[in-house]
Each structure stands twice: as C-alpha cells, then as structure tokens.
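**Student:** Predicted coordinates and the sequence they were generated for:
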Amino acid sequence: MPDPDYEPGSKEDFDRLYQSTYERIFRSLVALTGSPAAAEDCTQEAFLKAFKDWKHWNRTAPAEAWVYRIAINTALSHRRRERLREVGELVRRLGRPHQPDPTEAEIAPDLLREIRRLPPKQAAAIVLRHLHGYNNREMAAILGIPESTVATRLADAKKTLRARLGPDRG
Amino acid sequence: MISKNGFDLDAQLEQQLHRQLGTLSGPSPQVFQSAYHAAFLKASGRGLVSSLVFAASSRAVAGLAVAAFAVGGGSLVAAAATGSSNPVVWGRTVTTAVQTCKDARNRTHGIGECVSRVAQQQGAEERAAHSHGNSEQDHPTAPSSSTSNGHGHGRANGRSPGSSPGATPSGPENNHLTGPPATPPDQPK
C-alpha cells in the first residue's frame, strides 16, 4: 500500500516519522532489551540507520513498518551482543556472588523477564501484538515475513510463556 | 486464550505490557536531540556553531554583531562598511561623511543617520574602486580628500541618530579603531 504521507529522502518527512513513531518503537525495544537505557540507544541507532537509507525507502511499504523493522533488527542485534557479553561476564564472575545490575532494576517484573527469555523473534511478535495491537498482516509487513510465520511465532511464544507464567507452572 | 485453570495469557500480556511500558517515554524524543539529526548536520557541514546561528533570530545575530563591535571587533564591521581593511581608510571615509553631512545640513546635531548613510555609500564606492584594481585608496600614504589628514579615527556605522559623530581626524596618530576615544568634535556655539 503506497504511503503518500512521506517523501523518500525528505528530512522534514523523516522528522515527522521520527516524532510519530519514536514512543512506540522505544517501548517495544524496552520490552525486547529489558532496559530503558539500552532501548534508547537502540532506538537512536535504528533511526540513524533508517535515515541513512531513507532516500531508498520503497514507498510501497508503510514507512512506519519499515522503520519498525529496522528497530527490531537493531534490538535483536543488541541482544545477541548482550548474550555474548554476558557469557564473558559469567566466565569472569565464576565463584563470585552475583551483583545485580542497577539499570535492570527499573524493568524487572516476571512477565518482561520471561519475554526477554524468549527467542528474540518470538519476543518481537509478542510485543507487536500485545503492546501495540498490530494484526498478523501488519506484523508480517513490519518483520518482513509471511503471515503464517507470524502466527507460528506467536503460538510458540505463548506456549512457552504459559508454561512459565501460568498457574500450571512448576 | 483462557486455560482450563482460568489463566488468560492474552489478557495478562496486554494488561502488564501496557501497565509497565505504556507510559514509558525516552529521554530525547526531540528531533534536534536525535542521533540522525546530528549526523545530518555533520554531513551537511554544519556543526554546532552553524546550528546555533540557524537557531538564532536575526535580532540576536544583530546583537552579537553590536557586542563584537563593542569589545573590539569593530574593525570587521568597519571593514565591511568601507570596503577596506585599512583603518586609515575607515577614518577617512567617516571624516568625509561627517563633513558632507555638515555641509548639507549646516549643523552638527542629528546627523548620525546621515553620516551612517553617506559612509556606507562611500564604502560601496571604495569597494567598487578596489574591485577594479584601484588599490591606491587603501594605501596609508595615498593622496586623500581635502578633509582628511590620512590618520583619521572613527566608526563607520552603529551610531544612533542624534549622537555625537565623534569621528574627527584631529586625534593622535593612531590607526586603531578600538583604541582610546577620539578627540571630541567641535561643538557649534
């Protein structure tokens, strides 16, 4: 579906896109990264990447979905880096008592923690559906995958969450 | 979907995600604070100074120019007004302008605006002459007009109407615009 609201390459239009999508993207990335600070970094990085490629944006895809996809991929890359860093930290901390990271104390309830434990692509699907209310077609456009894959990811994620959070757990 | 134990995961997800993240906002949602905007400014060759200049109003820019003049940057303004980098030319231009205005009005009060206008006009002529290869005007020892001794003081611009011209050529031999004040002008009785 063409997006007549934005002109590829226009700085002013990109500014509007930033202002209209920033909050939603930031919240999604908080859920995916588990940290507002990391989410802020990823959000800024994502918009920077998007801006560099803005003149090549294909108008047949909604601009918001396009920038959302970049943001989610950025967050997923961040998570991969974090995992690698955590492995290194774990090796260094062997034998020492665990010191909690104060930045993680802001967002630490069970649900978010469990979402973070999901495979990243499943976590992204959960956030897009249940935080922002996107339907499968919209999520397919955002994630760049078939609708059937969206449905599969959602089903797998819920199965895992239900097992971990539901009353039957344990 | 509600499980057999009454656990509605969908409702829990929506409720908790909205409660925990719904009101969360980032620290810098403004465009001018964003990383891409900074990259844009850098790529277009406009750094912090340029962005500040763009943000400032024309009045603020004018205020900065006046302030720069007051603290000693007047040479830049004078040079711009007279079209010469030589302080001798600045003084000569203003001296000529003052005399022209005195002759035209036969008085010395309220000629500030006139002096400013004439000085700018002469500056334009200086620039035109300079651009045609006539560098004689900029030489301190070059012949000058009858009203100048070649060592004038004064400011070509920036005086309010009605203020004392304060730009006579009778001061000490000093070519600095920002130096001691010029000798007060002769006041008519």
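**Tutor:** Received it, and whenever you're ready, just let me know what you need.
**Student:** use CA for all of it now, contacts and neighbours both
**Tutor:** Noted.
**Student:** For the helix or strand where residue A:76 lies, which helices and strands make contact with it?
**Tutor:** With elements taken from DSSP states H and E, the one containing residue A:76 is helix A:63-93. For helix A:63-93, the elements it packs on are helix A:11-33, helix A:36-52, helix A:120-130, helix A:136-143, judged by 3 or more Cα pairs under 8 Å, 6 or more residues apart in numbering or on different chains; DSSP states H and E.
**Student:** Specify the angle between that helix and helix A:136-143 in degrees.
**Tutor:** Orientation note: helix A:63-93 sits at an angle of 60 degrees relative to helix A:136-143 (axes from the mean of the first three to the mean of the last three Cα atoms, to 10 degrees).
**Student:** The next helix or strand after helix A:63-93 versus helix A:63-93: what angle between them?
**Tutor:** Moving toward the C-terminus from helix A:63-93, the first helix or strand encountered (DSSP H and E) is helix A:110-117. For helix A:110-117 against helix A:63-93, the angle by the same axes, to 10 degrees is 90 degrees.
**Student:** how about helix A:110-117, does it get close to chain B?
**Tutor:** Yes - using Cα under 8 Å from any Cα of the partner chain, helix A:110-117 comes into contact with chain B via A:111-112.
**Student:** Show me which residues of that helix are buried.
**Tutor:** For helix A:110-117, the buried set under the neighbour-count rule, 16 or more other Cα atoms under 10 Å in any protein chain shown, comprises A:111-112, A:115-116.
**Student:** and that helix, how far out from the chain's middle?
**Tutor:** How far helix A:110-117 lies from its chain's middle: 13 Å, per Cα atoms, centre = their mean, to the nearest Å.
**Student:** other SSEs contacting it?
**Tutor:** Other helices and strands packing on helix A:110-117, by 3+ Cα pairs under 8 Å, 6+ apart, are helix A:11-33, helix A:120-130, helix A:147-165, helix B:9-21.
**Student:** for the residue lying closest to residue A:147 once chain neighbours are set aside, what are its contacts?
**Tutor:** Beyond its immediate neighbours in the sequence, the residue positioned closest to residue A:147 (Cα to Cα, 6 or more residues apart in numbering or on different chains) is residue A:140, lying 5.2 Å away. Residue A:140 makes contact with A:146-147, A:150 under the criterion Cα atoms under 8 Å, 6 or more residues apart in numbering or on different chains.
**Student:** I'd like the distance between residue A:128 and residue A:142.
**Tutor:** Here the distance between residue A:128 and residue A:142 works out to 9 Å (Cα to Cα, to the nearest Å).
**Student:** who has more neighbours, these two?
**Tutor:** Counted by other Cα atoms under 10 Å in any protein chain shown, residue A:128 and residue A:142 do not tie: residue A:142 has more neighbours, with 24 against 21.
**Student:** from memory the more buried one sits against residue A:71, does it?
**Tutor:** No - under the criterion of Cα atoms under 8 Å, residue A:142 lies out of contact with residue A:71, with a separation of 9.9 Å.
**Student:** Nearest to chain A within chain B, name that residue for me.
**Tutor:** Distances between chain B and chain A by Cα to the nearest Cα are smallest at residue B:36, namely 4.4 Å.
**Student:** That residue reaches residue A:44, doesn't it?
**Tutor:** Yes - here residue B:36 reaches residue A:44: they are 7.4 Å apart, a contact under Cα under 8 Å.
**Student:** So, low pLDDT: which residues of chain A?
**Tutor:** Within chain A, the stretches falling below the threshold (pLDDT under 70) are A:1-4, A:87-109, A:166-170.
**Student:** what does it put close to chain B?
**Tutor:** When proximity is defined by Cα under 8 Å from any Cα, chain A lies next to chain B at A:15, A:18-19, A:22-23, A:26-27, A:30-31, A:36, A:40, A:44-45, A:47-49, A:51, A:107, A:111-112, A:127, A:130-131, A:158, A:162, A:166-168.
**Student:** hmm, back to that, buried ones from the contacts of residue A:140, can you make that a PyMOL selection?
**Tutor:** In PyMOL, the members of those classed as buried (16+ other Cα under 10 Å) are selected with the following command:
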select buried, chain A and resi 147+150
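**Student:** Identify, from the contacts of residue A:140, the entry nearest to chain B.
**Tutor:** The closest of the contacts of residue A:140, once distances to chain B are taken by Cα to the nearest Cα, is residue A:150, at 15.9 Å.
**Student:** shouldn't that closest one be in contact with residue A:125?
**Tutor:** Yes - under the contact definition of Cα under 8 Å, residue A:150 touches residue A:125, with a separation of 7.0 Å.
**Student:** Need the residues touching each of these two.
**Tutor:** Any residue near both residue A:150 and residue A:125 by Cα under 8 Å, 6+ apart counts here, and that gives residue A:139.
**Student:** re earlier: what's the separation between the nearest residue to the residue of chain B closest to chain A once chain neighbours are set aside and residue A:12?
**Tutor:** Leaving aside its chain neighbours, residue B:36 sits nearest to residue A:48 (4.4 Å; criterion: Cα to Cα, 6+ apart). Taking Cα to Cα as the measure, residue A:48 falls 15 Å from residue A:12.
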